[in-house]
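In: sharing a sequence plus its predicted fold:
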2 protein chains.
Amino acid sequence: MSRPTVHDVAREAGVSLATVDRVLNDRPGVRAATVSKVKDAVRALGYSRDVAAANLARQRSYRFAFVLPEATSSFLRSVHAAIEDVRPTSLIDRVSLEVRSPPAFDPHAIARSIAALQDGAVDGIAVMSAESPQVRDALKRASEHGVETVAVISDLPSTDRRYFVGIDNIAAGRTAGRLMGRFLNRIDGRVVAIAGSMMARDHLERRLGFDQVIGRDFSNLETLPSLEGHDDPDEVYTLVGNAFRNFNDIAGVYCFGGGVTGMLRALDDLGVGDKVVVIAHELTPAARDALAAGTLDAVITQDVSHIVRSAIRILRASCDDRDIIESQERIRIEIILKENMI
Amino acid sequence: MSRPTVHDVAREAGVSLATVDRVLNDRPGVRAATVSKVKDAVRALGYSRDVAAANLARQRSYRFAFVLPEATSSFLRSVHAAIEDVRPTSLIDRVSLEVRSPPAFDPHAIARSIAALQDGAVDGIAVMSAESPQVRDALKRASEHGVETVAVISDLPSTDRRYFVGIDNIAAGRTAGRLMGRFLNRIDGRVVAIAGSMMARDHLERRLGFDQVIGRDFSNLETLPSLEGHDDPDEVYTLVGNAFRNFNDIAGVYCFGGGVTGMLRALDDLGVGDKVVVIAHELTPAARDALAAGTLDAVITQDVSHIVRSAIRILRASCDDRDIIESQERIRIEIILKENMI
DNA sequence: TCATCTTTGATTGACGTACATCATTCCTGC
DNA sequence: GCAGGAATGATGTACGTCAATCAAAGATGA
């Protein structure tokens, strides 16, 4: 009636408990024929290890580390906050979380943080970082040391990361492009594009996607070359002001990097907040306020706490050598208007 | 370093293990003074029960039932599918799921399904149902029998449901209204509104929200009285056809009930698929296809598998008498365009 | 002061698995 | 046919909690 146990498997296979144990835990000293006898019994009975009991017995606890930049922007603050939020619930499942915050733009520091974790300090690492050879190598080494790794928010392809938890930024850019185009139905004009840095893969991808859609479907619009605001509100403020002084037919602003508050301030000061269509990324508190006020027309975002939970689930599954259910871990590109802000 | 155990609590409180056990499990035979000594120790040490060990010891498993209509629509099919998807993962956490599918519009049958579960058959019930006195009473009785209950997708206020897992349909309607208004920028015309049934609370709420936004912000648009398609594609097909024959200035179609395929077929046959703005609810396979094809401009939806997982988390938390972290369980109103369909 | 009831302590055996130890059996090559 | 290693069995302890038992101590009332 209830789930079969190792005892049942042993009986079914006609071997001792010890042998079943050896097989199940990949311990040496079992003949191939016996191994398959046991595995057959496992299949026949539909046995699956009781993870709770197993973890209890082996005093297992999952120690995972998040390596991500310090909370210098409100987006990063929300990521840090999401981790703190799940901490208590995670502890119930024997998952303990730690956070390492190297300076954002220092690949060596990030790599050092990862390296410090690679030998036995943790069972898994979730990394949010821009691509760099240092980070790539550090992840490779960690992976070789048996530490599971996932990339979050920003993908790190060509590393040994087990998985990427985050959105497709090209698609996110396309989504923004579609919204911009449709909101500017029958209006001719230019669109200001503000990046954090064109060195950041995410930002490049968003711009790419945006251009794809505008170029194909909205010939009434012309997107200006990306301005680099380096996620700095003051810098963004200046750039936006200049753009509006240089062109008198600006119909939209697409901000796909940080420093959104600077942009909002500039639009307010210029008095164009409700005349142009403004789309930004990440639902920060400032973005919420601007959505409510009507300055911001739409926000493209990703559910950060979903990402954090997903990263943890994937690291756990990797540690237990379980399969990952892709459809459950897919992070959606969310469109937030004033009305569905929650 | 590691988590405190009952032994630590006993030592800290200066009582025996047995007494700690009595206090922790609300067993009788402990003086009030001793109870508080133990509780102080628990607080001082930050002790929390190791749920895995506890469940193991008491051979506890969570048996939850989903009571929801048979999979007659593709939306309902997706709910059923989502439950099947989480089943294997849930079993690992000792959560077994069962599904009861009474006929959709039979309150007595739904109530009977709930009643059949109320005495010891399950630990928790997640119900998706329209409001009715029968269902309300059945839930009340189940709750009195110590069964935890949550409402999913469609709220059942004024019952003893512990929680509602789903979206605010008024806000969903407002979101649709905003999109419709903005996509129909500078265009005058009428909007066809198609409900499943105006008896369904969700549909009423969506219409209400839609009207709020259109009425306040988009005076260029006039929404026609809701047509009731009873979630039946053929009926919807006819209704849409008639609407377009009756009015020659239809600019948009808002379908906030089922039978979307009928609407899509009608628009196709009328050859207006890419001329009018079409917004519907629920990201079904047919909706996906129509989004990709461009007939459908936007879909308002909710992440069904998220809802299922959330309902399970909440039932578990209720059984263990743990707090629910609201922010983690909030279901977002999602806007899906062709570009962020995934 | 004794009987009785309440409160507390001490102990034990589950639950399903991990892991180590030691004894035994089996196979292999020589 | 025998040594020596490989394969297997038997057994015990542990993990943290639950649940039950019995004994001991304390409180209460007549």
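Out: Ah, there it is. Just so we're clear, the structure is a prediction, and the values are computed from it rather than from any experiment. Residues are numbered from 1 along each chain as shown, chains lettered A, B, ... in the order given.

In: give the next helix or strand downstream of the helix or strand of chain A with the lowest mean pLDDT.
Out: Lowest on mean pLDDT, DSSP states H and E among the helices and strands of chain A sits helix A:326-329, with a mean of 83. Once the chain leaves helix A:326-329, the next helix or strand it forms, by DSSP states H and E, is strand A:334-336.

In: top helix in chain A by residue count?
Out: Criterion DSSP state H: the longest helix present in chain A is helix A:74-92.

In: just checking, what packs against the least confident helix or strand of chain A?
Out: helix A:304-319, helix B:74-92, helix B:304-319 (3 or more Cβ pairs under 8 Å, 6 or more residues apart in numbering or on different chains; DSSP states H and E). Yep, even glycine has a C-beta here, placed from its N, CA and C like the rest.

In: what does the stretch 201-342 of chain A put close to chain B?
Out: A:209, A:213, A:297, A:303, A:305-306, A:309, A:325, A:327-328, A:330, A:332-340, A:342 (Cβ under 8 Å from any Cβ of the partner chain).

In: hmm, 7 Å instead?
Out: A:213, A:303, A:305, A:325, A:327-328, A:330, A:332-335, A:337-340, A:342 (Cβ under 7 Å from any Cβ of the partner chain).

In: drop anything exposed from those residues.
Out: Among these, those classed as buried by 16 or more other Cβ atoms under 10 Å in any protein chain shown are A:213, A:303, A:305, A:325, A:328, A:332-335, A:337-340.

In: and the furthest pair within the residues you listed?
Out: The most widely separated members of these are A:Ile325 and A:Lys338, with 33.9 Å between them, by Cβ to Cβ.

In: for B:Ala293, state which of the buried ones among the residues of the stretch 201-342 of chain A next to chain B is nearest.
Out: Relative to B:Ala293, the closest of those is A:Val213; by Cβ to Cβ it sits at 16.3 Å.

In: show me what contacts that closest one?
Out: Contacts for A:Val213 were tallied using Cβ atoms under 7 Å, 6 or more residues apart in numbering or on different chains; they are A:174, A:177-178, A:181, B:339.

In: mind giving me the ChimeraX command for buried ones among those residues?
Out: The ChimeraX command for the buried members of the contacts of A:Val213 (criterion: 16+ other Cβ under 10 Å) is given here:
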select /A:174,177,178,181 /B:339
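
In: filter the contacts of A:Val213 down to the ones in strands?
Out: If you go by DSSP state E, those have nothing in strands.

In: from the contacts of A:Val213, which land in helices?
Out: A:174, A:177-178, A:181.

In: would you reformat the contacts of A:Val213 as JSON lines and include distance to A:Asp188 and pLDDT?
Out: Listed next are the contacts of A:Val213 as JSON lines, based on distance: Cβ to Cβ, whole Å; pLDDT from 0 to 100:
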{"residue": "A:Arg174", "distance to A:Asp188": "21", "pLDDT": "98"}
{"residue": "A:Gly177", "distance to A:Asp188": "16", "pLDDT": "98"}
{"residue": "A:Arg178", "distance to A:Asp188": "18", "pLDDT": "98"}
{"residue": "A:Gly181", "distance to A:Asp188": "12", "pLDDT": "97"}
{"residue": "B:Glu339", "distance to A:Asp188": "22", "pLDDT": "97"}
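
In: let me know the closest of the contacts of A:Val213 to DNA strand D.
Out: Distances from DNA strand D to the contacts of A:Val213, taken as Cβ to the nearest atom of the strand, are shortest for B:Glu339 (49.2 Å).

In: distance of that closest one from A:Arg174?
Out: Distance from B:Glu339 to A:Arg174, counting by Cβ to Cβ, to the nearest Å: 4 Å.

In: ok, the longest helix of chain A near chain B or not?
Out: Yes: Helix A:74-92 reaches chain B (Cβ under 7 Å from any Cβ) through A:85, A:89, A:92.

In: on that earlier part again, nearest to A:Asp269 among the residues of the stretch 201-342 of chain A next to chain B?
Out: Nearest member of these to A:Asp269, counting by Cβ to Cβ, is A:Lys338, at 21.8 Å.

In: quick one: residues contacting that closest one.
Out: A:291-292, A:294, B:178.

In: again with A:Ile325
Out: B:85, B:89.

In: list phi and psi for it.
Out: phi -90, psi 100 (degrees, to the nearest 10).

In: how far away is it from B:Val9?
Out: 38 Å.

In: can you pull the contacts of the one residue in the stretch 201-342 of chain A that gets nearest to DNA strand C?
Out: Closest residue of the stretch 201-342 of chain A to DNA strand C, Cβ to the nearest atom of the strand: A:Asp320 (9.5 Å). When contacts are counted by Cβ under 7 Å, 6+ apart, A:Asp320 touches A:Val51.

In: what's the offset of the helix or strand that contains A:Leu239 from the middle of its chain?
Out: According to DSSP H and E, A:Leu239 maps onto helix A:233-246. Remark: helix A:233-246 is offset 30 Å from the chain centroid, using Cα atoms, centre = their mean, to the nearest Å.
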